[in-house]
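Chemist: build me a model:
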Amino acid sequence: MQSPKTNEIQLPAMTVEEREASSAHGIPAPDTSEANLNKELQLAIQLNQDAWKSNWENSTLEIIHDYLPEHPEDYEIVDAVKMVMGHDSWMDCVVFVKDDMCADFFNRALHYCLKEGQVHKKKKGFIDGSGIGYLYQYYKDLKPALEKVFDVKWYYQLERPLEWALKQGMDLTKVANHIHPGHWSYKAGHKTKFAQAHKTLNKVFHLDESCDRVLDIAEGVEAMARSGNLIHYPMDNVGVDGLLTT
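Modeler: Take a look at the predicted model:
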């Protein structure tokens, strides 16, 4: 047997948070038809390619508009990630989700809420409130939500876009902006993290309509940035509400 070439990129085995999942927690099965997976792969390739452009591409904005349930206008997409995350481009979003920690989006979203003067539901002071209390509440909420999304991953075991591309005779590992981690594709853990951040902030603030919508859009765009790394199909980044802690 020949030794593998040193310049080959080895895709990880699906072993991260491995489990025996007996429930999909009400999340419907993905459409795994060849036609749909090829369509989803094509969209992910487009989002991956667009990250290298100097500005927001129409193709990026169109995909985000079609997949996000809010169907945001182009200016809303650009403004939301700037206001919440400080991101000026699609590339900024794509780079952020390569190696962000679980609390990173929450902390920026919390800062946005405070800057916008959102009213606390209960006066808890600094330590028990915006200092560490709200972050502690987020972690309490996030743990069961992540357990559920990993159950879904292992229940359906949908292969990653790069793996599906290899089956179609395309090695995209050299052009992917990042290589996926070692767990299945559907649904996205990042969408779950970001959506739970918004859900928890709704528990501690009286969010006004404007702030609520901005957070909705920001969480959706930042989650879709995982597809901008060819890590997820766009369909992975939506439809996780049933997994969240209310």
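
Chemist: does residue 85 touch residue 218 like I think?
Modeler: Yes: in this structure residue 85 lies within contact range of residue 218 using Cβ atoms under 8 Å: 6.3 Å. (Each C-beta comes from the backbone N, C-alpha and C, glycine too.)

Chemist: can you tell me the closest non-neighbouring residue to residue 141?
Modeler: residue 245 (3.9 Å; Cβ to Cβ, 6 or more residues apart in numbering).

Chemist: hmm, the one you found is touching residue 139, no?
Modeler: No: between residue 245 and residue 139 there is no contact under Cβ under 8 Å: 10.6 Å.

Chemist: which of the two has more neighbours?
Modeler: Ranked by neighbour count (other Cβ atoms under 10 Å), residue 245 and residue 139 place residue 245 first, with 17 against 13.

Chemist: residues contacting that one?
Modeler: Neighbour list for residue 245: 140-142, 144-145, 196, 199-200 [criterion: Cβ atoms under 8 Å, 6 or more residues apart in numbering].

Chemist: which of these fall within helices?
Modeler: 140-142, 144-145, 196, 199-200 (DSSP state H).

Chemist: any low-confidence regions in the chain?
Modeler: Along the chain, the parts satisfying pLDDT under 70 run over 1-7.

Chemist: which residues does stretch 15-33 contact?
Modeler: Contacts for stretch 15-33 (Cβ under 8 Å, 6+ apart): 37, 148, 150-156, 158, 181-183, 186-187, 235-236, 239-240, 242-243.

Chemist: can you do 7 Å?
Modeler: Stretch 15-33 is contacted by residues 148, 150-152, 154-156, 158, 181-183, 186-187, 235, 239, 242-243 when judged by Cβ atoms under 7 Å, 6 or more residues apart in numbering.

Chemist: repeat that for stretch 110-124.
Modeler: So stretch 110-124 is contacted by 83-84, 129-130, 133-134, 201, 204-208, 211 (Cβ under 7 Å, 6+ apart).

Chemist: end-to-end on that stretch?
Modeler: With Cα to Cα, to the nearest Å applied, stretch 110-124 spans 15 Å between its terminal residues.

Chemist: now swap in stretch 22-41 and tell me
Modeler: 28 Å.

Chemist: check stretch 151-166 too.
Modeler: 26 Å.

Chemist: how about the helices in this protein?
Modeler: Here the chain has its helices, by DSSP H, at 34-50, 58-67, 74-85, 90-99, 104-115, 133-156, 161-167, 189-204, 209-224.

Chemist: among those helices, which is nearest residue 230?
Modeler: Across the helices of the chain, residue 230 has its closest neighbour in helix 34-50 (4.6 Å, Cβ to Cβ).

Chemist: angle of the closest one against helix 90-99?
Modeler: Relative orientation of helix 34-50 versus helix 90-99 (axes from the mean of the first three to the mean of the last three Cα atoms, to 10 degrees): 110 degrees.

Chemist: got the contact list for helix 34-50?
Modeler: 57, 59-60, 63, 90, 161, 164-165, 176-177, 227-230, 233-235.

Chemist: now those residues: which count as buried?
Modeler: Neighbour counting by 16 or more other Cβ atoms under 10 Å classes 57, 60, 63, 90, 161, 164-165, 176-177, 227-230, 233-235 among the contacts of helix 34-50 as buried.

Chemist: now do the buried residues in stretch 164-171.
Modeler: So, applying 16+ other Cβ under 10 Å, buried residues of stretch 164-171: 164-165.

Chemist: please renumber the chain so that the first residue is 44 from this point on.
Modeler: With 44 as the first residue, the last one maps to stretch 207-214.

Chemist: what about that stretch, how long is it end to end?
Modeler: By Cα to Cα, one end of stretch 207-214 lies 10 Å from the other end.

Chemist: can you give the distance of that stretch from its chain's centre?
Modeler: 23 Å (Cα atoms, centre = their mean, to the nearest Å).

Chemist: same question, stretch 162-175
Modeler: Counting by Cα atoms, centre = their mean, stretch 162-175 comes out at 27 Å from the chain centroid.

Chemist: many thanks, I have nothing further to ask.
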